[in-house]
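**Student:** Output the structure for:
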Amino acid sequence: MIEFRIPEKDAQSVLGPDDGTVLGGSVRKIELAATDDRVALVRGAEAAYRARGDCFFTSWNITRHYSNSELDDAELLQLLFTRTFEPAGAECGTRYSESEACPKCGAGDSQIGFLRLDLRRLPKRAAIARSIADEWVVNQSLGEALVDAGLSGFALRPVLHRNAPLESVDLTTVPSGRRLLEAADEEGIDHGSWEFWVWINRTENDALFEGALAEAEGLSRSTSPPKNLPVWHQLEITAPPVPVAQPTRYGTTVFDEDPEGSYRCPLGHVAGLNLLSEIHVLRTNAPETDFAVTRELDGRRVGLLRPAPRLLVSQRARAVLDEHSFKGYRLEVAHLIGNR
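**Tutor:** Below is the predicted model:
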């Protein structure tokens with residue numbers, strides 16, 4: 001399904017009076033199946049407007065709907081975020097280095113230290129979300145579910161509140177912290193692992209962790225972050241990136257595949273401004289982990305916005321998400337093609 005937003009004065013010249021919904025009296029919203037004859041009308045109008053340096057529609061969006069059996073049969077899935085939040089990390093004190101960023105497309109800047117966000121602004125009814133700068137986060141409940149299921153291809157890093165005074169607390173320096181470390185040892189949790197930061201925020205460890213924070217040097221009423229903040233973790237994909245294959249399509253708009261390559265990185269990082277199709281991957285390149293990302297990025301570097309890869313997940317990951325009815329995402333079929 002393709003949703004278009006068209007200025008009402010322009011929509012009247014192409015669409016019927018009952019086509020779509022007029023929003024605020026000035027913009028027509030219409031959602032059409034890709035096979036609908038009216039898509040050709042919109043395409044023709046857009047071409048005519050472009051010829052004179054204008055645009056017929058102001059925005060567009062593609063949504064694909066699947067039956068349960070289609071999702072069940074998929075060998076690979078793309079996870080799309082349905083919850084986006086701001087401010088982004090850079091606005092909350094997260095540090096980035098652009099020393100290794102691509103000079104052509106801006107991709108490849110690296111995060112320094114932990115992700116800092118305004119934890120009060122993250123979605124309350126979602127378990128997974130992305131910032132406007134494509135920083136990916138999961139809440140504590142989803143983090144625990146991913147760890148408990150033994151899924152692979154990812155790591156979870158702490159997300160700090162924007163005013164948090166410390167990157168971390170030395171738990172060895174306070175009694176409650178030492179008791180926490182002993183409990184971790186008893187469960188075989190490595191203190192230096194990312195799994196430790198999920199474990200330490202489990203409900204059964206709340207009392208000791210809060211005690212350790214209260215006992216730690218440097219925390220005071222004036223510098224401590226607000227109480228009762230939600231716990232979130234940054235989702236980092238550790239699996240090797242997966243190259244996409246034809247017929248995966250990128251382009252500027254739903255009708256423009258950007259044949260001139262205006263938004264493609266000449267060094268190969270960014271494949272286009274927008275992903276237009278389902279993702280296809282050669283079977284020989286299929287990920288062997290439950291989480292992976294595409295090697296190709298889409299988007300562009302503008303202010304806080306940056307090109308980003310697409311997130312791929314396995315049926316095992318889907319089962320965990322479905323079992324707990326987590327919110328904040330939708331799934332599309334990704335296709336494995338060819339022979340091994």
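
**Student:** Who are the contact partners of residue 255?
**Tutor:** The contact partners of residue 255, by CB atoms under 8 Å, 6 or more residues apart in numbering, come to 43, 46, 47. Quick note: C-beta positions are derived from backbone N, CA and C, even for glycine.

**Student:** again, but for residue 331
**Tutor:** Applying CB under 8 Å, 6+ apart, the residues near residue 331 are 66, 71, 77, 78, 79, 80, 313, 318.

**Student:** and the last one, what pLDDT?
**Tutor:** pLDDT recorded at residue 318 is 98.

**Student:** and it, that's in a helix?
**Tutor:** Yes. Residue 318 forms part of a helix when assessed by DSSP: H, G, I helix; E, B strand; the rest coil.

**Student:** the bottom helix or strand of this protein by mean pLDDT?
**Tutor:** helix 206-215 (a mean of 81; mean pLDDT, DSSP states H and E).

**Student:** which of the residues in it are buried?
**Tutor:** Neighbour counts over helix 206-215 (16 or more other CB atoms under 10 Å) mark 208, 209, 211, 212, 213 as buried.

**Student:** Show me what it packs onto, helices and strands only.
**Tutor:** helix 175-186 (3 or more CB pairs under 8 Å, 6 or more residues apart in numbering; DSSP states H and E).

**Student:** Contacts for the helix it packs on next, please.
**Tutor:** With CB under 8 Å, 6+ apart as the test, helix 175-186 has contacts from 169-172, 191, 196, 199-200, 205, 208-209, 211-212, 214-216.

**Student:** what's the average pLDDT for the next helix-or-strand element following that helix?
**Tutor:** Counting by DSSP states H and E, the next helix or strand C-terminal to helix 175-186 is helix 194-199. For helix 194-199, mean pLDDT rounds to 91.

**Student:** for this protein, which spans come out with low pLDDT?
**Tutor:** Counting by pLDDT under 70, the ranges of the chain that qualify are 165-168, 217-227.

**Student:** quick one, longest helix in it?
**Tutor:** Counting residues, the longest helix found in the chain (DSSP state H) is helix 37-51.

**Student:** circling back: contacts for the least confident helix or strand of the chain, please.
**Tutor:** Outside helix 206-215, the residues that reach it (CB under 8 Å, 6+ apart) are 169, 171, 174-177, 179-180, 183, 200-201, 219, 224.

**Student:** Could you pick out the buried ones from those?
**Tutor:** Counted by 16+ other CB under 10 Å, those give 169, 171, 174, 176, 177, 180, 200, 201, 219 as buried.

**Student:** Tell me the one of the residues you listed nearest residue 149?
**Tutor:** When these are compared for distance to residue 149 (CB to CB), residue 201 wins out at 17.3 Å.

**Student:** so how far is the longest helix of the chain from its chain's centroid?
**Tutor:** With CA atoms, centre = their mean, to the nearest Å as the basis, helix 37-51 stands 32 Å off its chain's centre.

**Student:** Quick one: list the elements packing against the helix or strand following it.
**Tutor:** Proceeding C-terminally, helix 37-51 gives way to strand 59-62 as the next helix or strand, assigned by DSSP H and E. Strand 59-62 sits against strand 2-7, with contacts defined as 3+ CB pairs under 8 Å, 6+ apart.
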